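*Asks:* here is a sequence with its predicted model. Questions after.
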Amino acid sequence: MQEQTLLTLIVLLPLVGALINAFALRAANVGIVCMVATFVVALPFIFSVMLFMGPVIQGNTLTVDLFNWVSVPLVNGKEFNISFGLTVDRLSGIFLLVITGVGSLIHMYSGEYMHHEKRPYRFFVYLNLFIFSMLLLVLGSNMLVTFLGWEGVGVCSYLLIGYWYEDKANSMAAIKAFIANRVGDAGFLIAMFLCYMLFKTINYAELAAIIAASPQTFLAENSVEITLIGLCLLLGVAGKSAQIPLYTWLPDAMAGPTPVSALIHAATMVTSGIYLMNRLSYVLVLSPTVMTTIAIVGAATAIFSATIGFAQTDIKKVLAYSTCSQLGYMVMACGVGAFQYGVSHVVTHAFFKACLFLGAGSVIHALHHEQDIRKMGGLFKKMPITSVTFLIATLAIIGFPGFSGFFSKDAILAAAWAGPFGSPILWLVGWVTAGFTAFYMLRLTWLVFFGACRAEHPDQIHETNFVITIPLIILAVLSIFGGLIAIPEVFTGKADFITSFLSPVLGQAQSIINSSGIHATHLSHSMEYGLMGASILIVFVGATFAIAVYKNGPDGGEKFAHAFGPVYRLVRDKWRIDELYELILIRPLAKVGKFLYSFIDKIIIEGVVNGIPETLYTGTSVASDAQSGMARNYLKFIFISVFIFGLILFL
């Protein structure tokens, strides 16, 4: 099969699956619907592996232009043309494997988790459309095709978060996610328009070639526009990848079914911002201001979200804030110039975060939809497979030595210290965040799986079936070994795999950094070992402290919380950021909207729209009375006319 055909099928198959389930299998049972939905994601995974082992790993870029999408004549006699094109290279190839591979496991898992649904086809249609949109996002050959997928994942997230729309809380969470992402999308749109105004193209290959050929004087003269493009892109990233100030939608997105949470957090939507920054890395590095801002936003999100994870009692909310924090690490990596380590953490995070969310779903399923970790405990003996896989994923996310998260996180911390735009302050923030992560994740794991069982009906708890546990086992294995792609040079004597692999894609950004005179600080082996040792130390301190506090259950945590009093309550209330937004944004905007509706819309617009026909109606009514054919009406008008004429003459 031709490679271009494979690339097209990878994108189209999930769409075909969605159409089949939507129109042909509406009355089918969940098993058949799930099988079709899983097949149309698993087959693209096989095709993705074939492409990856072929042209992608050889360093080639494969492009398919399906049709001419936009053609607009311009005033200078030229035309503005945009093709609907797909491109796969080493960067998009990595995302392809993650999206289709992890996505297949989540689809398989969903068949058991959603077996009670009366209309399962609707859920799997949304899942397939989600995968289709994400594939379109990462394979688009230009910014407009990427934006189409970008909007698609936004719409699908709205549908999936609010899947149980009968519950008002779910509907409100979906609306919140939709609105927050529209704010970020405005930034992406503005960046796209500015790119075309400045470079006369939004095609990625053409954009890279133009920047590579542009003289330094041109770039210096347009530094303001370039900085504005980068900041607008960052706003788009903040929306999709849940960064400050637009992060608040992601924890509320837990209102949807647990497989949705796993898909959003691990394999699709939230990673799209990291992809976009890597795809346009050669634009971002043109402005040191943009790079510094990206690093600061990422570091701030990482530590801020980690603090909120301390006090959450909903198992999915703890994992949600951990996602915000880990995304902060990825964004910080891009901001300090280590784009490749942002990608490596996307990969490892996809493995352990999918395992954590699906493990949480297994627990919730076994406990009849109980999500409060204070009402769990002692599940290790009752659910051994779920417990072991969850523990492995926990060790991976906290960066325990030898697990996947250790290598990808340590690479980011080293880059935060010595990267082209790094600083010891950024490293310190990331280091403290690592300790916080170890604390709240061990707190979560201990309260759920160890100690005394606090569930209402402990004898009814048992391990979930193989449809749920098989994906957990696969993801747990990947959570152990996935970090080998970022194993550092200090261990192997040669550059890590991810840096070498992505150099054809990210090499231009590195060349721009080097030509600007900004260089990374060289770390000696002893310094690298020292930074690594400090990272390991803070992880052990955080984990040990969590076990010491919660070894006897939630009561120890209550004493710990009581010692901090108002600070703990503030953290428990998520620093009351939602209340702050309500005060300074939502209420004022609601008042403005009410004024616009009551005065501008009702009085002015409706007054004009309704006033014109009412005036005409009144005028025609008077005129029609004048031609009624009744003598008394004619005499009335004659008398009135004579009276008015007389007044004019005598006055």
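*Replies:* That came through fine.

*Asks:* quick check: longest strand of this protein.
*Replies:* Under DSSP state E, the strand in the chain containing the largest number of residues is strand 62-73.

*Asks:* output that strand as CSV, restricted to C-alpha atoms.
*Replies:* What follows is strand 62-73, C-alpha atoms only, in CSV (Å, rounded to 0.1, in the frame of the first residue of the first chain):
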residue,chain,number,x,y,z
LEU,A,62,5.7,12.7,3.6
THR,A,63,3.1,15.2,2.4
VAL,A,64,-0.2,14.6,0.7
ASP,A,65,-2.3,17.5,-0.7
LEU,A,66,-5.8,16.2,-0.8
PHE,A,67,-7.5,19.2,-2.5
ASN,A,68,-7.3,22.9,-2.9
TRP,A,69,-9.3,24.2,0.1
VAL,A,70,-9.2,28.0,-0.1
SER,A,71,-8.6,30.1,-3.2
VAL,A,72,-9.1,33.9,-2.9
PRO,A,73,-8.0,36.4,-5.6
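
*Asks:* paired strands for it, with orientation please.
*Replies:* With DSSP bridges as the test, strand 62-73 is paired with strand 79-88 (antiparallel).

*Asks:* how far away from the center of its chain is the partner strand?
*Replies:* Relative to its parent chain, strand 79-88 has a centroid offset of 25 Å by Cα atoms, centre = their mean, to the nearest Å.

*Asks:* so after that strand, what's the next helix or strand?
*Replies:* Per DSSP states H and E, the first helix or strand lying C-terminal to strand 79-88 is helix 90-113.

*Asks:* what's that following helix packed up against?
*Replies:* Judged by 3 or more Cβ pairs under 8 Å, 6 or more residues apart in numbering; DSSP states H and E, helix 90-113 is in contact with helix 30-51, helix 120-139, helix 258-262, helix 272-279, helix 339-366, helix 466-481, helix 497-515. For glycine as for every other residue, the C-beta is placed from the backbone atoms N, C-alpha and C.

*Asks:* and Lys375, which of those helices is closest to it?
*Replies:* Closest approach to Lys375 among those is made by helix 339-366 (11.0 Å; Cβ to Cβ).

*Asks:* pLDDT (mean, whole number) over that closest one?
*Replies:* Helix 339-366 shows a mean pLDDT of 94.

*Asks:* give the other helices and strands that the helix or strand following that helix contacts.
*Replies:* Reading on from helix 339-366 to the C-terminus, the next helix or strand found by DSSP H and E is helix 384-397. Applying 3+ Cβ pairs under 8 Å, 6+ apart, we find helix 384-397 packed against helix 339-366, helix 404-418, helix 424-449, helix 466-481.

*Asks:* now the angle from the third one to helix 339-366?
*Replies:* Orientation of helix 424-449 against helix 339-366 (axes from the mean of the first three to the mean of the last three Cα atoms, to 10 degrees) gives an angle of 20 degrees.

*Asks:* buried sites along helix 424-449?
*Replies:* 426-449 (16 or more other Cβ atoms under 10 Å).

*Asks:* is it true that Val30 touches Gly111?
*Replies:* Yes: checked against Cβ atoms under 8 Å, the pair Val30 and Gly111 is within contact range at 6.1 Å.

*Asks:* longest helix in this protein, by residue count?
*Replies:* What stands out as the longest helix in the chain, according to DSSP state H, is helix 168-199.

*Asks:* state the mean pLDDT of that one.
*Replies:* Rounded mean pLDDT across helix 168-199 is 92.

*Asks:* how about stretch 294-308?
*Replies:* pLDDT averaged over stretch 294-308 gives 96.

*Asks:* what comes into contact with it?
*Replies:* Stretch 294-308 has contacts (Cβ atoms under 8 Å, 6 or more residues apart in numbering) with 230, 234, 237-238, 242-244, 247, 251, 277, 284, 321-322, 324-336, 416, 421-422, 426, 429-430, 432-433, 436-437, 440, 571, 574-575.

*Asks:* in JSON lines: the helices and strands packed on helix 90-113, plus distance to Val11 and mean neighbour count.
*Replies:* Shown next, in JSON lines, are the helices and strands packed on helix 90-113 (distance: least, Cβ to Cβ, whole Å; neighbours: other Cβ atoms under 10 Å):
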{"stretch": "helix 30-51", "distance to Val11": "8", "mean neighbour count": "21"}
{"stretch": "helix 120-139", "distance to Val11": "5", "mean neighbour count": "26"}
{"stretch": "helix 258-262", "distance to Val11": "21", "mean neighbour count": "28"}
{"stretch": "helix 272-279", "distance to Val11": "15", "mean neighbour count": "25"}
{"stretch": "helix 339-366", "distance to Val11": "20", "mean neighbour count": "28"}
{"stretch": "helix 466-481", "distance to Val11": "24", "mean neighbour count": "20"}
{"stretch": "helix 497-515", "distance to Val11": "20", "mean neighbour count": "18"}
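
*Asks:* can you check which of the ones you listed gets nearest to Gly607?
*Replies:* When the helices and strands packed on helix 90-113 are ranked by proximity to Gly607 (Cβ to Cβ), helix 120-139 comes first, at 43.2 Å.

*Asks:* how far off strand 79-88 does the closest one point, in degrees?
*Replies:* Per the same axes, to 10 degrees, the angle that helix 120-139 makes with strand 79-88 is 110 degrees.

*Asks:* helix or strand right after helix 120-139?
*Replies:* helix 143-161.

*Asks:* which helices and strands sit right next to that following helix?
*Replies:* For helix 143-161, the elements it packs on are strand 62-73, strand 79-88, helix 120-139, helix 168-199, helix 223-240, helix 272-279, judged by 3+ Cβ pairs under 8 Å, 6+ apart.

*Asks:* do that again at 7 Å, thanks
*Replies:* If you count contacts as 3 or more Cβ pairs under 7 Å, 6 or more residues apart in numbering; DSSP states H and E, helix 143-161 packs onto strand 79-88, helix 120-139, helix 168-199.

*Asks:* so who does Val448 touch?
*Replies:* 315, 363, 373, 376-377, 379 (Cβ atoms under 7 Å, 6 or more residues apart in numbering).

*Asks:* let me see the confidence value for it.
*Replies:* 94.

*Asks:* gap between it and Thr146?
*Replies:* Relative to Thr146, Val448 is positioned 39 Å away (criterion: Cβ to Cβ, to the nearest Å).

*Asks:* now the closest residue to Val388 other than its chain neighbours: how far from Thr445?
*Replies:* Spatial nearest neighbour of Val388, chain neighbours left out: Ala476 (7.3 Å); criterion: Cβ to Cβ, 6 or more residues apart in numbering. Distance from Ala476 to Thr445, counting by Cβ to Cβ: 13 Å.

*Asks:* kindly report the same for Tyr247.
*Replies:* Distance, Tyr247 to Thr445, by Cβ to Cβ: 24 Å.

*Asks:* what's around Val283, how many residues?
*Replies:* 23 (other Cβ atoms under 10 Å).

*Asks:* returning to what we had before: if I read this right, the residue nearest to Val388 contacts Ala354, doesn't it?
*Replies:* No: applying Cβ atoms under 7 Å, one finds Ala476 not in contact with Ala354, separated by 10.1 Å.

*Asks:* the helix or strand of the chain with the lowest mean pLDDT: what's the following helix or strand?
*Replies:* Lowest on mean pLDDT, DSSP states H and E among the helices and strands of the chain sits helix 606-626, with a mean of 71. For helix 606-626, the following helix or strand on the C-terminal side (DSSP H and E) is helix 631-650.

*Asks:* CA atoms of that next one as CSV?
*Replies:* Presented in CSV, the C-alpha positions along helix 631-650 are these (Å, rounded to 0.1, in the frame of the first residue of the first chain):
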residue,chain,number,x,y,z
ALA,A,631,-69.4,59.2,3.1
ARG,A,632,-69.1,60.0,6.8
ASN,A,633,-65.3,59.3,6.6
TYR,A,634,-65.0,61.6,3.6
LEU,A,635,-66.9,64.4,5.4
LYS,A,636,-64.8,63.9,8.5
PHE,A,637,-61.5,64.4,6.5
ILE,A,638,-63.0,67.4,4.6
PHE,A,639,-64.0,69.1,7.9
ILE,A,640,-60.6,68.4,9.5
SER,A,641,-58.8,69.7,6.4
VAL,A,642,-61.0,72.9,6.2
PHE,A,643,-60.4,73.5,9.9
ILE,A,644,-56.6,73.2,9.6
PHE,A,645,-56.6,75.3,6.4
GLY,A,646,-58.6,78.0,8.2
LEU,A,647,-56.2,78.0,11.2
ILE,A,648,-53.3,78.5,8.8
LEU,A,649,-55.0,81.4,7.1
PHE,A,650,-56.2,83.3,10.1
